[in-house]
Every structure is written in structure tokens, then in C-alpha cells.
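# The sequence and its predicted three-dimensional model are supplied below.
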Amino acid sequence: RSGRQSIMLKDLASGTESAALTPVRQDLPLLAADAALLVYGSREPNRQILYLPEPGQPPAGDAGEQCGSVQDWSAEGRRILLETPSHTALVTWDRDSGRRTEWLQYRAGSLRQASLSGDGRWIALVLTDPAGGFVGPFEPAPASPERLARVPIAAGVASLHWSPSGSLLYFNSPADDHNCIWAQPL
């Protein structure tokens, strides 16, 4: 609409739309489950900044530089899951304290995507090496790769998304020669 990439917010009940008021190009927006906060990254030369604006308000300030890419919110809305700028680890960032905790370090390859279950107890990851989808318990303490179980999905999957009940993982796959949405029961 404006000729530049921007985040639009839409209230599905009223149909009202508004632009997130941001000073820079935005990437990877995520809205908290309670819709109280929006987090997004901004790729500027040699840095990425996370902003936490109230919807419809100017940014309240950034959440830190060199954050990495935004992956997901925790169920309680206090922690944000980030991949490090070096693409070697997954960290949690506590929005209240600003504290970062390394959650998982990759042995090789990189993360394609991570998502948390609706109850916040499980995580689904898509890694490049070993390639594939994985699930495991999401605990405050750092995770061990050995605690992650491989999900039997087709090759080439880029992302996994939890069903509201947490009993299914959704993913896109060209396994039947068409890019279709599939579900894997857990």
C-alpha cells in the first residue's frame, strides 16, 4: 500500500486495519497470544534490532541489537525464542529482565524454523543437519540434542506448526508432487 514493506494489523472482529508505526523496514513479525505486543526484527546494516511496540503506538524502544532472527513467543508471552546472528544456537530472551539464555546449540548445519506448542511445553524444530523435523520438551534449562525426537515427515519441509490441541504438526510438503498442507499426528 505504501510502496514499502510494512506490517499491517487487522482486528478480525471489527475488520479495522492499521499499520504498525515503525521507523525502519520490518521482518518476521510475531504477535503475542494475547495480542498485547508485537515483536519484529529489522535488518539494518550489520545489525538486527527487535522492537516491542504496543499495537498502533510508536515503538517503545528496541529489545536489543544483534538479537538474531525471531522464531516464536513462549505461551506465557514473557520469553521470545531467537536464533543467534551466527546461526549456531537457539536462545530464549526474557522480555522483562532482558536476560538471554542459550537453549540449544547446533552441532552442524543451521535452524530453518522453530515453534512452540500452545501450552508452551513442547518445541518443534526444522534443522538442516541432521536434516528434518524434530520435537522435544521445551524447558527453561538448556536442551540436549539427544532429547529431540525425529518427526517422520517428508524431506524438504521448511517449517512445522502446532495444532491448537498440540496433537498434530502441520507442514507444507511437495511429497505428492503438489505443495500441500499435511498433518503429522503425535
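Okay, I see it. Numbers count the residues shown, from 1 in each chain.

# I'd like the distance between the residue nearest the centre of the chain and Lys10.
Nearest to the geometric centre of the chain sits Gln71, at 1.9 Å (CA atoms, centre = their mean). Gln71 sits 23 Å away from Lys10, going by CB to CB, to the nearest Å. Bear in mind the C-beta positions are built from the backbone N, C-alpha and C, glycine included.

# what about Gly77, neighbour count?
Gly77 has 15 neighbouring residues, counting by other CB atoms under 10 Å.

# Look up how far Arg95 lies from it.
As for Gly77, its distance to Arg95 is 8 Å (criterion: CB to CB).

# number of nearby residues for the residue nearest to Val157 when sequence neighbours are not counted?
Closest residue to Val157 apart from its sequence neighbours, by CB to CB, 6 or more residues apart in numbering: Phe171 at 4.8 Å. Phe171: 24 surrounding residues under other CB under 10 Å.

# residues contacting Phe171?
133, 153, 157, 159-161, 181-182, 184 (CB atoms under 8 Å, 6 or more residues apart in numbering).

# And those, which is closest to Ala124?
Set against Ala124, the nearest of the contacts of Phe171 by CB to CB is Leu160 (4.0 Å).

# what's the burial count for the closest residue to the closest one other than its chain neighbours?
In this structure, Leu160 finds its nearest non-sequential neighbour in Ala124, 4.0 Å apart by CB to CB, 6+ apart. A count of neighbours around Ala124, defined by other CB under 10 Å, yields 26.

# For Ala124, identify the helix or strand it belongs to.
strand 122-128 (DSSP states H and E).

# Spell out which strands sit alongside that strand in the sheet and which way each one runs.
Strand 122-128 has the following strand partners under DSSP bridges: strand 111-116 (antiparallel), strand 131-137 (antiparallel).

# which of these sits most buried?
Mean neighbours per residue, mean count of other CB atoms under 10 Å, is largest over the strands paired with strand 122-128 for strand 111-116, with a mean of 20.

# Now do that one, average pLDDT.
Per-residue pLDDT values across strand 111-116 average out to 88.

# Over to stretch 156-173?
88.

# got the CA positions of it in PDB?
What follows is stretch 156-173, C-alpha atoms only, in PDB (Å, rounded to 0.1, in the frame of the first residue of the first chain):
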ATOM      1  CA  GLY A 156      12.300 -30.700   2.200                       C
ATOM      2  CA  VAL A 157      10.000 -29.400   4.900                       C
ATOM      3  CA  ALA A 158      10.900 -25.800   5.900                       C
ATOM      4  CA  SER A 159       8.600 -25.300   8.900                       C
ATOM      5  CA  LEU A 160       6.400 -27.100  11.400                       C
ATOM      6  CA  HIS A 161       3.400 -25.600  13.100                       C
ATOM      7  CA  TRP A 162       1.400 -26.900  16.100                       C
ATOM      8  CA  SER A 163      -2.300 -27.500  16.000                       C
ATOM      9  CA  PRO A 164      -4.200 -25.800  18.800                       C
ATOM     10  CA  SER A 165      -4.500 -29.000  20.700                       C
ATOM     11  CA  GLY A 166      -0.800 -29.900  20.300                       C
ATOM     12  CA  SER A 167      -1.700 -33.300  18.900                       C
ATOM     13  CA  LEU A 168      -0.700 -32.500  15.300                       C
ATOM     14  CA  LEU A 169       2.100 -30.800  13.500                       C
ATOM     15  CA  TYR A 170       1.200 -29.100  10.300                       C
ATOM     16  CA  PHE A 171       3.700 -28.600   7.400                       C
ATOM     17  CA  ASN A 172       3.800 -27.900   3.700                       C
ATOM     18  CA  SER A 173       5.300 -30.600   1.500                       C
END
